[in-house]
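Engineer: 3D model of this:
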Amino acid sequence: MSSLDSATRERIETLLQNHPVVLFMKGDRQQPMCGFSAAATNILNELLPEYHTVNVLEDAEIRDGIKEYGNWPTIPQLYVNGELVGGADIIRQMYGSGELHALFKLPAPDRTPPEITVTDAAAKAIRESMEHADGLALHLEIGRDQSAGFQLAPAGDSDIVASSNGLEIHFDPDSAQRAKGIVIDWVSTAQGEGLSLSFPGSGKIRDLDVATLKARLAKGDITLVDVRSAASRDGLPALPQARILEDEGDGVIGTLPKDTEIAFICMRGISCRTVAERYIAHGFTHVYSVTGGMEAWDAAK
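Structural biologist: Numbering: from 1, shown residues only. Okay, here's the model as predicted:
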């Protein structure tokens, strides 16, 4: 391997001098372009309001040069005060242990295991799925928007472990804080079967009258989803602000942050409640059903 040329070395050193925390990654903080870079930014986003990122996909000299500069063969790479910390795995380990908090002079994370509930149905499904997962633990990551993901992976020395119904669930520090009081259940919906999370204060559809809906749409603080088919929209067209479930599908609308204020509307306010229940089952916490549906909206004009 050729030695690092002086121009590239100077560019890297300038970046490190100008920014106390630098992540060399694929993509950027808003749009990471690989799973390892996404894992690194997810952790740094939890701890730091600001840090600098360098997209190595846009700069071949930096992409090759940073590997040689720190004698580290992979991307991402985290530097703090000019010193190499490591890649995604080390970032995750230090985050779980609290070493990353100490590095950034932040308070040590609360390591109290959260009180959680795993229903009998969920416990049965989890045990069946882990029947041949020898040596693996069930991890649950919960994001700021209450999006959640389960993963089977080896247990970490710094995992925060909560127990319920004879099962152990492993968390990172911030996920553990967000997991307080959650209920893990097994649900069957039109999308299929799977684990669902209910957070304290969630699990209830709220009624929304058309006058309140009109005011909230004007303020722009609620997402309206029309659940009607194309045929049923012929008589009363969808409101301009509405997203059409039939066109976008659950796969798109379901990726909204779980704390999105979301209202469902149908023709008379009946079928939209079924859709609203489905979204609650999948972790949405601020779910509304429009009372009277589009017929009530039309009558109020």
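Engineer: any idea of the mean pLDDT for stretch 161-170?
Structural biologist: For stretch 161-170, mean pLDDT rounds to 96.
Engineer: end to end, how far does that stretch reach?
Structural biologist: The first and final residues of stretch 161-170 sit 5 Å from each other (C-alpha to C-alpha, to the nearest Å).
Engineer: Kindly format the C-alpha coordinates of stretch 33-42 as PDB.
Structural biologist: Taking C-alpha atoms only, stretch 33-42 is exported to PDB below (Å, rounded to 0.1, in the frame of the first residue of the first chain):
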ATOM      1  CA  MET A  33     -25.800   5.000   2.900                       C
ATOM      2  CA  CYS A  34     -24.900   1.800   4.700                       C
ATOM      3  CA  GLY A  35     -26.100  -0.100   7.800                       C
ATOM      4  CA  PHE A  36     -22.900   0.500   9.800                       C
ATOM      5  CA  SER A  37     -22.900   4.200   9.100                       C
ATOM      6  CA  ALA A  38     -26.600   4.300  10.100                       C
ATOM      7  CA  ALA A  39     -25.800   2.500  13.400                       C
ATOM      8  CA  ALA A  40     -23.100   5.000  14.200                       C
ATOM      9  CA  THR A  41     -25.200   8.100  13.500                       C
ATOM     10  CA  ASN A  42     -28.100   6.700  15.400                       C
END
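Engineer: Name the surrounding residues that touch that stretch.
Structural biologist: Residues from elsewhere that reach stretch 33-42, judged by C-beta atoms under 8 Å, 6 or more residues apart in numbering: 23, 25-27, 29, 32, 53, 55, 57, 74-76, 78, 87-88, 91-92, 143. For glycine as for every other residue, the C-beta is placed from the backbone atoms N, C-alpha and C.
Engineer: which ones among those are found in strands?
Structural biologist: Using DSSP state E, 23, 25, 53, 55, 78 are the members of those that sit in strands.
Engineer: Same list (these) but as JSON lines, adding pLDDT and neighbour count.
Structural biologist: Putting the ones in strands among the contacts of stretch 33-42 into JSON lines (pLDDT from 0 to 100; neighbours: other C-beta atoms under 10 Å) gives the following:
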{"residue": "L23", "pLDDT": "98", "neighbour count": "26"}
{"residue": "M25", "pLDDT": "97", "neighbour count": "27"}
{"residue": "T53", "pLDDT": "97", "neighbour count": "22"}
{"residue": "N55", "pLDDT": "97", "neighbour count": "19"}
{"residue": "L78", "pLDDT": "98", "neighbour count": "25"}
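Engineer: Which pair in those residues has the greatest spatial separation?
Structural biologist: Using C-beta to C-beta, the ones in strands among the contacts of stretch 33-42 span at most 14.7 Å, a distance reached by N55 and L78.
Engineer: Contact partners for the closest residue to T260 other than its chain neighbours?
Structural biologist: Excluding its sequence neighbours, the residue lying closest to T260 (C-beta to C-beta, 6 or more residues apart in numbering) is T223, at 5.6 Å. Counting by C-beta under 8 Å, 6+ apart, T223 touches 243, 256, 260-263.
Engineer: Among those, which one lies nearest to I126?
Structural biologist: For the contacts of T223, the nearest to I126 is L256 (26.4 Å; C-beta to C-beta).
Engineer: Do I have it right that that closest one meets I262?
Structural biologist: Yes: with contacts counted by C-beta atoms under 8 Å, L256 reaches I262, the gap being 6.8 Å.
Engineer: Domains in this protein, by residue range?
Structural biologist: 6-103, 117-198, 206-299 (automatic domain parsing).
Engineer: Lowest average confidence across these, which one?
Structural biologist: domain 117-198 - the lowest mean pLDDT of those, at a mean of 88.
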